[in-house]
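Undergrad: please work out how this folds:
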Amino acid sequence: MPELPEVETTVRGLKEAIVGRRVREVEVTWERTLANASPAELGAALAGVTIADVTRRGKHVVLHFADGAALAVHRRMTGNLLVRPPGAPTEPYTRLTLRFDDGSELRFVDIRKFGRASYHRDQAALAAFFAQVAGPEPLEDLTPQRLAALLARRRGRLKPLLLDQTFLAGIGNIYADEILWTAGLHPERRADSLAPAEIGRLADAIRDVLLAAIERRGTSLRDYRDSDGERGDNQRFLAVYGRAGAPCPRCGAPIEKRWLGQRGTHVCPRCQPIHAGPPPDHMGETRAGERCGPERL
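TA: Next up, the predicted model:
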């Protein structure tokens, strides 16, 4: 599933490509892609309206229109938003298409049909929607003090908490594993067991891992492509995710894959002790991304 870095990369590409374009018509070939409107309703609402901005909220790409309305697209497992020039052949599994007055198109291509788009008539409706489904943004002033406040009275384990979109918006399975390895924290540690120094390491890791992945245009392991249909590059720099049995980039111990809450979880048993305490002596020798896992082609 595209996570915050992949969504942010897509948003940046869409900003350059479609802001200022006017929607001529809408085509929906899989009605369940629309969460809260019929194809006819969406087509009537968007016809003739100009795209004013494209933003990200958590894992959602948000298209903002000049009339104040918005379309929030959650790509789920396999969804991609692709900008195509006039006359370009239609990709298989295209579920939703916005056709612009210059003949270009924005296509939502989704093999597994899990992605959803929701229409919101104004910014108040959009804000109410995100108040229910998305917590704070991890890259907006997530200081150790603010993270400590978010963790206060939380008793759950760290990784499921990071995956909870109402706790922090945008982090999924890949980056939760990478963040916890970078911070030297075990995925099964209880949130209320963290010392202030550990909270500080976690806050730094969240920022550093996400920003590095954005710089590399996201992680393409299977289906993710940016708005131009290109792969990201961050998969070459993953420290633990998808590297079970490979040596830890920091200490050389074999990476282990475990199951936590029905999610595959990758951990270095030496770098990420489950007990509370100071970090292992070798922590800090290698930063995330300085050595990379095997390149995925």
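Undergrad: going forward, measure contacts between C-alpha atoms and count neighbours the same way
TA: Fine.
Undergrad: what residues does the helix or strand hosting residue 99 touch?
TA: Residue 99 belongs to strand 94-100 when assigned by DSSP states H and E. By C-alpha atoms under 8 Å, 6 or more residues apart in numbering, the list of residues contacting strand 94-100 from outside reads 21-30, 33, 105-110, 113.
Undergrad: write the PyMOL selection for whichever of the residues you listed are buried.
TA: Buried members of the contacts of strand 94-100, defined by 16 or more other C-alpha atoms under 10 Å, are picked up in PyMOL with:
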select buried, resi 21+22+23+24+25+26+27+28+33+105+106+107+108+109+110+113
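Undergrad: how long is stretch 32-51 from one end to the other?
TA: By C-alpha to C-alpha, to the nearest Å, the extent of stretch 32-51 from end to end equals 23 Å.
Undergrad: quick check: buried residues in it?
TA: 32-34, 37, 39, 42-43, 45-47, 49-51.
Undergrad: tell me which two in these are the farthest apart.
TA: Using C-alpha to C-alpha, the two most remote members of the buried residues of stretch 32-51 are 32 and 50, lying 24.6 Å apart.
Undergrad: residue ranges of the strands in the stretch 151-297 of the chain, please?
TA: 256-260, 263-267 (DSSP state E, counting those that start in this stretch).
Undergrad: tell me which of these sits most buried.
TA: When you average the neighbours per residue for each of the strands of the stretch 151-297 of the chain (mean count of other C-alpha atoms under 10 Å), strand 263-267 leads with a mean of 20.
Undergrad: what helices or strands is that one leaning on?
TA: Contact here means 3 or more C-alpha pairs under 8 Å, 6 or more residues apart in numbering; DSSP states H and E; on that basis strand 263-267 packs against helix 173-183, strand 256-260.
Undergrad: what residue ranges in this protein score low on pLDDT?
TA: The model of the chain has pLDDT under 70 over residues 276-297.
Undergrad: same thing but at 50, please
TA: For the chain, the stretches with pLDDT under 50 are 286-297.
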